[in-house]
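S.K.: Sequence and predicted structure, then a few things I'm wondering about:
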Amino acid sequence: MKRVLVIGGSDSGAGAGIQADLKTLHALGLHVSTVITAVTAQDTVAVHAVHPVPATVIAAQLKAVIDDIGADVVKTGMLGTSAAVHAVVDAVAGLPLVVDPVGVASTGQPLLDPDALVLLRSALLPLATVVTPNLAEVEALTGFEVRGADDLIEGAKRVQALGPRWVLLTGGHLDGPPTDLLYDGTEAIEFVGTRVATAHTHGSGCTLASALAGYLALGHDVPQAARLAKELTARAIAEGYPLGSGSGPVRQGQSRG
């Protein structure tokens, strides 16, 4: 049984965060361990409250899981505070790592303290096997604004210069076909999808990053894992469903890798 450790915030509406990670990785037939960094009061409309988990408890969760169960791949999502980033950096060095640099909720609420962003950039990204920023996260990390498809490669280069081995820059918020760009400092690979007319995309970023971690755990190399993760996420978006009064969640189906 392959093991993925996911580190992030709990979404009470179960559309994103740890809950999306669990649904995605269970669909791939993997064992999933979890480290909770924050509890959020969240629905389909907004993040109404955030309660950070103390760094000592985050560190204790990490030690319990890594010492006993271990992990073939680690995936990080919402970290929230610099103390949380410190705890993660200390625990995951040397393990294959997918970093989803979550800074802002899809509904607009900030999920990463400014000092935590600085530490994520300087200490966590250099440990990453792959980092999966969206357009807003590229700008937060580098100051560079991706305005069109022609800017994807420059955005990826600037993130890759921060130290991760690979960057999977997600361009779905641009006009035209949703295009993601995978870059390792030398090779650039485009993954072009078909746009789905839907408002129900909550959790799509978490799903992509956790699927990527899952396919890496299953033995795929980074380009193949990225392609499979994009395909899984595209299916999940196509099957997203209305829930509540805001953006409904994507639906992760059964998909063995």
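M.R.: Thanks, I have it. Numbering: from 1, shown residues only.

S.K.: where in the stretch 101-250 of the chain is pLDDT low?
M.R.: 107 (pLDDT under 70).

S.K.: mind listing the strands for it?
M.R.: Using DSSP state E, counting those that start in this stretch, the strands of the stretch 101-250 of the chain run over 130-131, 166-170, 179-183, 188-192.

S.K.: Pairing partners for the third one, with directions?
M.R.: In its sheet, strand 179-183 lies beside strand 166-170 (antiparallel), strand 188-192 (antiparallel), with partners assigned from DSSP bridges.

S.K.: same check, this time on the first one
M.R.: When pairs are called by DSSP bridges, strand 130-131 turns out to pair with strand 97-99 (parallel), strand 166-170 (parallel).

S.K.: about what we covered before: deepest-packed of the strands of the stretch 101-250 of the chain, please.
M.R.: strand 130-131 (a mean of 28; mean count of other C-beta atoms under 10 Å). Yep, even glycine has a C-beta here, placed from its N, CA and C like the rest.

S.K.: what's the offset of that strand from the middle of its chain?
M.R.: 9 Å (C-alpha atoms, centre = their mean, to the nearest Å).

S.K.: again, but for stretch 17-24
M.R.: Distance, stretch centre to chain centre, for stretch 17-24: 10 Å (C-alpha atoms, centre = their mean).

S.K.: For it, the averaged confidence score.
M.R.: Regarding stretch 17-24, the rounded mean pLDDT is 98.

S.K.: what's in contact with it?
M.R.: Here stretch 17-24 makes contact (C-beta atoms under 8 Å, 6 or more residues apart in numbering) with 6, 8-11, 14, 32, 34, 36, 40, 42, 75, 77-78, 203, 206-207, 210-211, 214, 232, 236, 249-250, 252.

S.K.: mind checking pLDDT for residue 255?
M.R.: So, for residue 255, pLDDT stands at 49.

S.K.: Counting by contacts, list what the longest helix seen in the chain packs against.
M.R.: In the chain, taking DSSP state H as the definition, the longest helix is helix 222-238. When contacts are defined as 3 or more C-beta pairs under 8 Å, 6 or more residues apart in numbering; DSSP states H and E, helix 222-238 sits against helix 17-27, strand 166-170, strand 179-183, strand 188-192, helix 204-217.

S.K.: one more time with 10 Å, if that's ok
M.R.: On a contact count with 3 or more C-beta pairs under 10 Å, 6 or more residues apart in numbering; DSSP states H and E, helix 222-238 meets helix 17-27, strand 97-99, strand 130-131, strand 166-170, strand 179-183, strand 188-192, helix 204-217.

S.K.: Mind putting these into TSV with distance to residue 156?
M.R.: Shown next, in TSV, are the helices and strands packed on helix 222-238 (distance: least, C-beta to C-beta, whole Å):
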stretch	distance to residue 156
helix 17-27	23
strand 97-99	14
strand 130-131	10
strand 166-170	5
strand 179-183	4
strand 188-192	7
helix 204-217	15
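
S.K.: Nearest to residue 148 among these would be which one?
M.R.: Taking C-beta to C-beta, strand 179-183 is the member of the helices and strands packed on helix 222-238 nearest to residue 148, at 10.4 Å.

S.K.: Can I get the closest one in PDB? Just the C-alpha atoms.
M.R.: Coordinates of each C-alpha in strand 179-183 appear next as PDB, following Å, rounded to 0.1, in the frame of the first residue of the first chain:
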ATOM      1  CA  THR A 179      -3.400  25.300 -20.100                       C
ATOM      2  CA  ASP A 180      -1.000  24.200 -17.400                       C
ATOM      3  CA  LEU A 181       2.800  24.400 -17.900                       C
ATOM      4  CA  LEU A 182       5.300  22.000 -16.400                       C
ATOM      5  CA  TYR A 183       8.900  23.300 -16.100                       C
END
